[in-house]
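A.B. asks: quick one, what's the 3D model for this:
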Amino acid sequence: MYKFLLIVILTWASLGKSAEFKSGEDYWQVRSGDSVAVAEGDNLFFTWWGCDSCRQIEEELSQQLEGFEVVPLIARQEWRPAAKAFYVMKMLEGNPNAEDVIKQRIEEGTLDPKDQKALFDAVIELGYDKEQVAELLEDRDLYGRIDQAVALAENYNIQYVPTVVVKGRFATDARHTMTVKKFGEVLEYLKTL
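C.D. replies: The predicted structure is shown next:
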């Protein structure tokens, strides 16, 4: 009897949880025609360095976002410098804390994520080689990564940050969830689908 009661309670709890979040309200399902060849396993976190909500979600939900590929969204032309700096730092594999320092300076208001010169001055100040950075800014690989980020955003119809895509099939963003807590809850729910 105890086992039966436990099963009933667990089933009821799981049904209640699935009813708690609604497609179209808390998250959306990516249309199958929108996906690219290897998209089925995509776990992506779209962000922008100038987004306070993104930084808050990254800090508070870091464990839940583990294994998600970070993709800088270029929703506007002025977001491009931050994406370039992000990829330059990834490609050169320098100071492991550099990105955190950059984000902190942006949060403090001492660094503008739209100012390419200021961003790259900061990157160089953090120990990245000036010549390597300059070379990379002219490199096709960098622009290939930028193009890939743009294509992913277009593929999943991402227009806002922060946004997560789970398993290449489901997505949610801060506009749908409104709080960090609910964002995390919806993210965990989407991982179970």
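A.B. asks: when you work out contacts or count neighbours from here on, use the C-alpha atoms and nothing else.
C.D. replies: Fine.
A.B. asks: isn't residue 21 up against residue 186?
C.D. replies: Yes. With contact defined as C-alpha atoms under 8 Å, residue 21 counts as touching residue 186 (7.0 Å).
A.B. asks: what do the two both touch?
C.D. replies: Common neighbours of residue 21 and residue 186, counting by C-alpha atoms under 8 Å, 6 or more residues apart in numbering, are residue 27.
A.B. asks: thought residue 118 was touching residue 81, still the case?
C.D. replies: No. Between residue 81 and residue 118 no contact is recorded; they are 9.7 Å apart, counting by C-alpha under 8 Å.
A.B. asks: more neighbours: which of these two?
C.D. replies: It is residue 81, of residue 81 and residue 118, that has more neighbours when counted by other C-alpha atoms under 10 Å, with 21 against 15.
A.B. asks: and the gap between the more buried one and residue 48?
C.D. replies: Shown here: residue 81 relative to residue 48, a distance of 10 Å by C-alpha to C-alpha, to the nearest Å.
A.B. asks: name the nearest residue to residue 128, sequence neighbours excluded.
C.D. replies: residue 94 (6.1 Å; C-alpha to C-alpha, 6 or more residues apart in numbering).
A.B. asks: pull the number of nearby residues for the one you found.
C.D. replies: Quick note: residue 94 (other C-alpha under 10 Å) scores 16 neighbours.
A.B. asks: quick check: pLDDT value at it.
C.D. replies: Taken from the predicted model, the pLDDT recorded for residue 94 is 86.
A.B. asks: same check, this time on the one 4 residues further on
C.D. replies: In this prediction, residue 98 carries a pLDDT score of 96.
A.B. asks: for it, which non-adjacent residue is spatially closest?
C.D. replies: Nearest non-adjacent residue to residue 98, counting by C-alpha to C-alpha, 6+ apart: residue 126, 6.3 Å away.
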